[in-house]
Structure formats: structure tokens, C-alpha cells
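J.: Just a sequence and a predicted model for now, questions to come.
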Amino acid sequence: METYYAVIFTSLRTGQDGEDYGKMAEVIDTLAKQQPGFLRVESVRNEEGKGITVSYWESLEAIQAWKANAKHLTAQQLGKEKWYTNYKVEICQVMKDYSFEK
């Protein structure tokens with residue numbers, strides 16, 4: 001595979017998310033998977049509310065288009081207002097990858 005990009009989103013939830021957060025997360029996940037340039041996504045969260053989501057993209061342009069998606073913009077705003085105590089976004093170029101599977 002050629003060079004691609006990873007968007008690392010780390011966050012701490014406020015605990016005020018209720019059902020709205022889960023519903024929005026499903027919508028956003030579905031929309032992201034439909035975006036041109038989307039490759040895959042992986043996500044984990046611990047009991048304290050700390051989470052890491054890594055989405056993989058073919059290009060920086062694909063990442064920018066996703067960031068500008070109207071529904072994603074709404075989710076970002078709600079995240080700031082209600083769902084997250086803090087978050088950080090890092091965009092990295094993946095130069096090489098390899099794996100092992102038994």
C-alpha cells in the first residue's frame with residue numbers, strides 16, 4: 001500500500017452524553033465510511049471515559065473534506081458543548097505498516 005494518513009482523535013467524555021452521543025456516533029461512523037478516500041476506523045474507550053479513535057484516509061484532501069462535512073461539523077460542535085471535557089486531533093502520514101497474525 002502506498003503512503004496514507006491516520007487521524008488520531010483522543011478524547012475524554014463529560015459523562016453528559018446519554019443516548020444522543022451513541023446515536024450521533026453511529027451516524028458519524030456510517031457517514032465517514034461513505035466518504036471518498038476513507039480506508040478504515042478503529043476505536044476504543046475505557047471506563048473512565050478516555051477514548052482513542054483512529055481513522056485512516058487515502059489523502060489529506062479526503063481528511064479535509066470529511067472535516068468539512070455538515071453532519072460532522074454538527075457533531076464537532078455538540079462535542080465541544082456537551083460530550084467532551086477535552087479532545088486532541090493529530091494527523092499523521094503512515095510511511096510504512098506491517099502486521100502479524102496467527
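T.: Cool, got the structure. Numbering: from 1, shown residues only.

J.: residue contacts, Leu39?
T.: The neighbourhood of Leu39, defined by Cβ atoms under 8 Å, 6 or more residues apart in numbering, consists of 4, 55-58. In this view, the C-beta of every residue, glycine as well, is placed from N, C-alpha and C.

J.: Which helix or strand in this structure has the lowest average pLDDT?
T.: Ranked by mean pLDDT, DSSP states H and E, the weakest helix or strand in the chain is helix 18-34, scoring a mean of 89.

J.: how far out from the middle of the chain is it?
T.: 10 Å (Cα atoms, centre = their mean, to the nearest Å).

J.: rewinding a little: so which of the contacts of Leu39 is the most crowded?
T.: Trp57 (25 neighbours; other Cβ atoms under 10 Å).

J.: list the contacts for it?
T.: Residues in contact with Trp57, defined by Cβ under 8 Å, 6+ apart, are 4-7, 37-39, 63, 66.

J.: let's see 7 Å
T.: Residues in contact with Trp57 (Cβ atoms under 7 Å, 6 or more residues apart in numbering) are 4-5, 7, 37-39, 63.

J.: Sort out for me which of those residues are in helices.
T.: Judged by DSSP state H, those include Ile63 as members of helices.

J.: could I have the helix or strand where Asn86 lies exported to PDB, CA atoms only?
T.: Assessed by DSSP states H and E, Asn86 sits inside strand 84-94. Extracted C-alpha coordinates of strand 84-94, given in PDB (Å, rounded to 0.1, in the frame of the first residue of the first chain):
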ATOM      1  CA  TYR A  84     -16.100  16.100  25.700                       C
ATOM      2  CA  THR A  85     -14.100  17.600  28.600                       C
ATOM      3  CA  ASN A  86     -11.200  17.700  26.100                       C
ATOM      4  CA  TYR A  87     -10.000  16.300  22.900                       C
ATOM      5  CA  LYS A  88      -7.000  16.300  20.600                       C
ATOM      6  CA  VAL A  89      -6.600  15.600  16.900                       C
ATOM      7  CA  GLU A  90      -3.400  14.500  15.400                       C
ATOM      8  CA  ILE A  91      -2.900  13.900  11.600                       C
ATOM      9  CA  CYS A  92       0.000  11.600  10.700                       C
ATOM     10  CA  GLN A  93       1.400  10.300   7.500                       C
ATOM     11  CA  VAL A  94       1.800   6.500   7.600                       C
END
